[in-house]
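no sequence for this one, just the structure:
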Ligand code: 6PG
């Protein structure tokens, strides 16, 4: 058993600086791994600037595309053609332009129900990893991107839902979301998300101030329970910081 370390808080000026800092960390993890690299993306609005950056001419050349595999930590159970689909957002922003199509691993949503989707994605992850048991010394992902929702959820692990307690299954179906969009979800579970060298939260803007305050107060919410077995980073901008610790401008 690997003890999860406390998150490290890194504060930057604003959303632009946050995307730059996140892109530097993503690329640093790629540089550190000379073999096959696995990055787990996330949905919502928080990673959009980062995705645009990774797709820009300035950054594209820094990514060893032929060695990187792209996964997603949670998905809304809607077709890929739906603008709510998380992987479709990442594809449109940067993946489709540069990543080999066989290296993009979406959660399948054109199946009967979220449970079927979850089972299929667990199978895909296990095939990539080469085992259905996670070895603490061999992380599944180089980097897992995360966001924090207004209720403290992360991925599609909502407070008080059974999915947050799951320790056996790698991926679960979540019939009902706690926040908008109210579509069923499919989510990787905490132990699987933890199997990474780095878990990187992006938390930006004044709207995030209430939830970041609660998280920093140590409230037991999913976003506080999601920890890497390696390094956990909370990358936040000044707009999201609680008043008390915002400091001089
Ligand atoms: C999703 C996400 C989710 C997200 C948080 C934060 O599918 O919605 O993966 O976990 O990271 O809800 O969302 P925002 O970035 O939009 O605030």
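On my side now, so go ahead. Keep in mind that this is a model prediction, so the values were computed, not measured.

make it CA atoms for all contacts and neighbour counts henceforth
Noted.

Quick check: residues of this structure near the ligand?
Residues of the chain lying close to the ligand by CA under 6 Å from any ligand atom are 42-46, 74-76, 146-149, 154-156.

Which among those count as buried?
The neighbour count (16 or more other CA atoms under 10 Å) marks 42-44, 46, 74-76, 146-149, 154-156 as buried among those.

Relative to residue 14, which of these is nearest.
residue 46 (12.3 Å; CA to CA).

Next up, the contacts around that closest one.
147, 202, 203, 204 (CA atoms under 8 Å, 6 or more residues apart in numbering).

who's in contact with the lengthiest helix in the chain?
Of all the elements of type helix in the chain, the one with the most residues (DSSP state H) is helix 15-32. With contact meaning CA under 8 Å, 6+ apart, helix 15-32 is reached by 12, 37, 47, 49-50, 53-54, 62-64, 68, 142-143, 200, 202, 204-205, 235-237.

which is the next helix or strand following it?
Next along the chain after helix 15-32, taking DSSP states H and E as the criterion, comes strand 37-41.

Give me the next element, helix or strand, following that next one.
Assigned by DSSP H and E, the successor of strand 37-41 is helix 48-54.

So what's the gap between the helix or strand following that following helix and the chain middle?
Per DSSP H and E, helix 48-54 leads on to helix 57-60 as the next helix or strand towards the C-terminus. From the chain centre to the centre of helix 57-60 is a distance of 22 Å (CA atoms, centre = their mean, to the nearest Å).

Give me the contact list for helix 57-60.
With CA under 8 Å, 6+ apart, helix 57-60 has contacts from 53, 54, 98.

Out of those, which is nearest to residue 88?
residue 98 (14.3 Å).

Please name the nearest non-neighbouring residue to that closest one.
Counting by CA to CA, 6 or more residues apart in numbering, residue 65 is the residue found nearest to residue 98 once chain neighbours are left out, at 6.9 Å.

For that neighbour, report the pLDDT, please.
Looking at residue 65, its pLDDT stands at 98.

just residue 175 next, same as before
Per the predicted model, pLDDT is 96 at residue 175.

ok, it touching residue 184?
Yes - counting by CA atoms under 8 Å, residue 184 is a contact partner of residue 175 at 4.7 Å.

Show me where this protein has its helices.
Using DSSP H, helices in the chain cover 15-32, 48-54, 57-60, 86-90, 96-98, 114-129, 190-194, 209-216, 222-225.

List the residue ranges of this protein that fall below the pLDDT cut-off.
1-3, 246-249 (pLDDT under 70).

try 80 this time
1-5, 244-249 (pLDDT under 80).

what's the spacing between residue 225 and residue 153?
10 Å (CA to CA, to the nearest Å).

of these two, who's got more company?
The residue with more neighbours, out of residue 225 and residue 153, is residue 153; 23 against 18, by other CA atoms under 10 Å.

neighbours around the residue nearest to residue 98, how many?
If we define neighbours as other CA under 10 Å, then residue 65 has 17 of them.

now residue 60
Count around residue 60 with other CA under 10 Å applied: 16.

ok, now how distant is it from residue 117?
31 Å.

sorry, back to before: looking at neighbours, which among the contacts of helix 57-60 is most surrounded?
Going by other CA under 10 Å, residue 54 tops the contacts of helix 57-60 with 26 neighbours.

How about that residue: what's its closest non-neighbour residue?
Using CA to CA, 6+ apart, the closest residue to residue 54 is residue 60 (5.9 Å).

give the contact list for the residue nearest to residue 37 when sequence neighbours are not counted.
Leaving aside its sequence neighbours, residue 37 sits nearest to residue 68 (CA to CA, 6+ apart; 4.7 Å). Applying CA under 8 Å, 6+ apart, we find residue 68 in contact with 30, 36, 37, 38, 39, 99, 103.
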